[in-house]
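# model this:
(chains A and B)
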Amino acid sequence: MSTRRAAILGGNRIPFARSNGPYSHASNQDMLTATIDGLVARFGLQGERVGEVAAGAVLKHSRDFNLTRESVLGSRLSPYTPAYDVQQACGTGLETAILVANKIALGQIESAVAGGVDTTSDAPIAVNEGLREVLLDVNRAKTVGGRLKALSRLRPQQIVPSIPANSEPRTGMSMGEHQAITTLEWGISRKDQDELAAASHQHLAAAYDRGFFDDLVTPFLGLTRDQNLRPDSTVEKLATLPPVFGRHLAGDAATMTAGNSTPLTDGASTVLLASDEWAAEHKLPVLAHLVDAETAAVDYVHGDRKADGLLMAPVYALPRLLARNKLSLQDFDLYEIHEAFASTVLCTLAAWEDAAFCRQYLGLDDALGSIDRTKLNVNGSSLAAGHPFAATGGRILASLAKQLHENGGGRGLISICAAGGQGVVAILEV
Amino acid sequence: MPDRYLDLVNSPLGSAVASRVGLPRPAVLRRYQAGDPLLPGPLLLGSTSGAAPAELVDLLKSVGADVRDAQTDDDRWGALVLDATEIRTPSDLAGLRTFFAGRLRQLLPSGRVLVLGRAPDGADIATDASRQALDGVVRSIAKELQRGATANLLLVDEPAGTGTSVESALRFFLSGKSAYVDGQPVRLGSGEAPAPADWDHPLAGKTALVTGAARGIGAAIAGVLARDGASVIVADLAQAGEGLAKVANRLGGTTLHLDVASPDAPERLLAHLAAHTEGLDILIHNAGITRDKLLANMKPDQWDSVIAVNLESQLRINDALLGSRQLRDQARVVCLSSTTGLSGNRGQTNYAATKAGVIGLVRSAAAAFASHGDSTINAVAPGFIDTEMTAKMPLATREVARRLSSLQQAGLPVDVAEAVAWLSSPGAGGVNGQVLRVCGQNLVGA
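Residues are numbered from 1 along each chain as shown, chains lettered A, B, ... in the order given. Below you'll find the predicted structure:
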């Protein structure tokens, strides 16, 4: 069976907003629908039956069981466009693209939209677990007596709702606390983190100023740029912020601040993928191709504190992807490493540079080596743009594809870490 | 912004009161709807030189008019059309009085007066004087007409009924598409003006780009171009992208985020056209801003930004297009001017400079566009049009401004859009380097 490469034709996202900001009253469905509609408008897809739309959200209301399909029905795409939801934590956005790209590669579909959306403002709040059990038992009871007996278990404290927390169920620790340990283990300095954060803001601001996002972003609810962006961010200003994660750590080991960590964010992104033939028929230029991808996971629950850090999975995914594609880490023109935290990027790079680690944990003969840092996150990344979990993959994918196209060719690497000790990496080529 | 006064005087009670106390009585204008008859009643055709030419009779019939000749004894006319192309002496002008006297009162609401004349050509002084006289006659008829009726003057080069753009002009001026065009002369020259395959979709197969299309007049223009069959690219600032996407999705077009005043705008526009189209057929320079201030108080950036957006951007984009492969033959460019550019306006020196400048631009660029495969460039000068901008005016100012035209009401964005769409159509190829006012014969200005 022959396969083909799936083309990335472009993307659309809404500016990312800080939690409880301009998008406070926008639901995931509102944001995803608007983002799809912006994509439809940019590429003239009104009434078009796209092969498939795959998207997802990390924080999801139970009513949104069919979030993506409902968004498609609310959009200007043909209602005959099928859709499904995907959820792989922060890997969702990239994973959706990989799924539909594989279907395009196999010839099962000709075109697709991949996307993701998240809101931490319009978050789902569930009823108290104790109350939920009582109510379900009342519903199950067949007699009045049985119902009364179940109701007798109601307690005042059950009025407290269950609010979703940004923590790992198996450890009870937040992502930031996990990363604080990894950061310490890898010896990542505060200064290096702040430098990476400042660069992210400066790069993103410069990209906006040169109009790079003019065909990637559509304003939403009055917001025209990522709200988290601080163009005047500097290492000096960032150095003044107090640590927010790892404060229990001894001495000055706590290095992660609100400035070098991503804030809670609301937003959505979409990417248009297709076969080269479909692109040509629709007179849409191909920006890049999604060549291959790999996912990995680490045992952050029981594993090594250093090697199995919660957000270290991409480190493991990459060598497998490189081997399959007969490439080295240095064979890329651009690198996009998702900045969940500045230290995540730096730990990832440090691991690839560590020969002992690469031998022991990645089964390699030597270190993967270092990268040219001027090729890293050249248009800014999550520290500046913000990180609406499932929407980050689409943001990175469309931006990297466009930058490669602007460069007139080349190869790009994407690395995204995700909750649950997971990671997704992918290769783009023009 | 609804015109409540117009609604009121068109109600039974309001109408009675307004007529007794002599208040202005604006009419509800007849506006184009697909499938409507061309005219609300029969068309009376006359000539200042005996019988009207058979070509003109045939043409009027073919565009859908119920044509009657001067012998017909009817008292309800949808249109009065007079061929005055053979006028040579001042005494010939009496033919206008003969034809119109008595019949103007028989014109139905939103009826049409059209006079076909010739432009003065310098060959004979008395002839030129007599031809120029038509201009004064038609403008005065327009002021005399009531109930939404309009009068306009078509200046033809060929014998009436045979010129290249006469058919498309008749379709525009007789129909509801010209609802707010009143008292205007248009010269129909000899440019290439092919008839479209389908007059209901004259822009089928054409690619159009409208700047400043996220709202208001730009959005209306994009809508009418799409209705007429064009594939429309709607362009606006990235900040206006939310509204722009809605416009694009409403009419089945595509969006382009473009700041026309940015230094790289022409280059980006050309790149987009090269990547996404087979070339551009229609360009509408609609993007514009106001930074009103008395000249005595105006800051440099208020002056410079208006000049950059409203005028310089058009010059640079036109130059880039003419020098590229992205502008197709028989292209149509329409630039948005304003009656402010003709009459001036207090506090708008910067804006008036650009809107007058645009008129100079189209007059001067006409030859260059004509030599680009019989392309044309024209300007449309809207008068007082109800938009979000005018909705912000103080009530009294807006109410007065609305009544200061022969039609005693503001125009709608669609009125401007219809004129733009006509000038963008293949059949309007004979119109080049001209300014068409869409102002309801605004009482201020030229």
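# name the element B:Leu155 belongs to?
Taking DSSP states H and E as the definition, B:Leu155 sits inside strand B:150-156.
# Which residues does that strand contact?
B:85, B:110, B:112-119, B:134-135, B:138-139, B:141-142, B:145, B:163, B:166, B:169, B:173, B:178-179, B:181-188, B:407, B:441 (C-beta atoms under 8 Å, 6 or more residues apart in numbering or on different chains). Where you see a C-beta, it was placed from the backbone N, CA and C, and this is true even at glycine.
# Near the nearest residue to A:Asp366 once chain neighbours are set aside, how many other residues are there?
Once flanking residues are discounted, A:Asp366 sits nearest to A:Ala355: 5.5 Å by C-beta to C-beta, 6 or more residues apart in numbering or on different chains. Counted with other C-beta atoms under 10 Å in any protein chain shown, the neighbours of A:Ala355 add up to 13.
# Quick check, A:Ala355 in contact with A:Ser370.
No - the pair A:Ala355 / A:Ser370 is not scored as a contact, 11.5 Å apart, by C-beta atoms under 8 Å.
# wait, what's in contact with the residue in the stretch 301-446 of chain B that chain A sits nearest to?
Nearest residue of the stretch 301-446 of chain B to chain A: B:Gln326, at 13.8 Å (C-beta to the nearest C-beta). Contacts for B:Gln326 (C-beta under 8 Å, 6+ apart) come out as B:270, B:273-274, B:277, B:279-280.
# Same list, these, but as TSV with neighbour count, distance to chain A and pLDDT please.
Formatted as TSV, these follow (neighbours: other C-beta atoms under 10 Å in any protein chain shown; distance: C-beta to the nearest C-beta, whole Å; pLDDT from 0 to 100):
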residue	neighbour count	distance to chain A	pLDDT
B:Leu270	19	14	97
B:Leu273	22	11	96
B:Ala274	14	9	95
B:Thr277	18	7	94
B:Gly279	15	12	96
B:Leu280	23	14	97
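# follow-up on the earlier one: and the pLDDT for the residue of the stretch 301-446 of chain B closest to chain A?
For B:Gln326, the pLDDT comes out at 96.
# Would you mind giving the secondary structure of the nearest residue to A:Thr218 once chain neighbours are set aside?
Spatially, and ignoring its direct neighbours in sequence, A:Thr218 is nearest to A:Gly38 (3.4 Å; C-beta to C-beta, 6+ apart). Under DSSP: H, G, I helix; E, B strand; the rest coil, the three-state class of A:Gly38 is helix.
# what's the burial count for A:Gly38?
Neighbour number of A:Gly38 under other C-beta under 10 Å is 30.
# buried residues in the helix or strand hosting A:Leu148?
Taking DSSP H and E as the definition, A:Leu148 sits inside helix A:144-151. Neighbour-count burial for helix A:144-151 flags A:Ala150 (criterion: 16 or more other C-beta atoms under 10 Å in any protein chain shown).
# Alpha carbons of the helix or strand following it, as CSV, please.
Using DSSP H and E, the helix or strand that directly follows helix A:144-151 along the chain is helix A:175-185. Extracted in CSV, the C-alpha atoms of helix A:175-185 (Å, rounded to 0.1, in the frame of the first residue of the first chain):
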residue,chain,number,x,y,z
MET,A,175,2.4,20.1,37.1
GLY,A,176,4.5,23.0,38.3
GLU,A,177,5.5,21.1,41.5
HIS,A,178,6.5,18.1,39.4
GLN,A,179,8.5,20.3,37.0
ALA,A,180,10.2,22.0,40.0
ILE,A,181,11.6,18.7,41.0
THR,A,182,12.8,17.9,37.4
THR,A,183,14.3,21.4,37.2
LEU,A,184,16.3,20.9,40.3
GLU,A,185,17.4,17.4,39.3
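# any idea how far helix A:175-185 is from the chain center?
19 Å (C-alpha atoms, centre = their mean, to the nearest Å).
# elements contacting it?
Contact partners of helix A:175-185 among helices and strands, from 3 or more C-beta pairs under 8 Å, 6 or more residues apart in numbering or on different chains; DSSP states H and E: strand A:243-245, strand A:256-257, helix A:342-353.
# among these, which is nearest A:Arg170?
strand A:243-245 (18.5 Å; C-beta to C-beta).
# rewinding a little: can you tell me which of the contacts of strand B:150-156 are up against chain A?
Filtering the contacts of strand B:150-156 for proximity to chain A by C-beta under 8 Å from any C-beta of the partner chain leaves nothing.
# Tell me how many other residues crowd A:Thr218.
28.
# can you tell me how far it sits from A:Ala57?
Per C-beta to C-beta, to the nearest Å, A:Thr218 is found 19 Å from A:Ala57.
# in the helix or strand of chain B with the lowest mean pLDDT, what counts as buried?
Taking mean pLDDT, DSSP states H and E as the measure, the helix or strand of chain B with the lowest value is helix B:12-21, at a mean of 77. Neighbour counts using 16+ other C-beta under 10 Å place B:14, B:18 of helix B:12-21 among the buried residues.
# How about stretch B:56-66?
B:56-57, B:59-60, B:63-65.
# pLDDT score assigned to B:Ser190?
Per the predicted model, pLDDT is 83 at B:Ser190.
# go on, the one 4 residues further on?
Predicted confidence (pLDDT) at B:Pro194: the value is 89.
# Within its local environment, how many residues does it see?
Residues lying near B:Pro194 (other C-beta under 10 Å) number 12.
# which helices and strands does the longest helix belonging to chain B pack with?
For chain B, the longest helix by residue count, based on DSSP state H, is helix B:349-370. When contacts are defined as 3+ C-beta pairs under 8 Å, 6+ apart, helix B:349-370 packs onto helix B:300-307, helix B:313-322, strand B:327-336, helix B:339-343, strand B:376-382.
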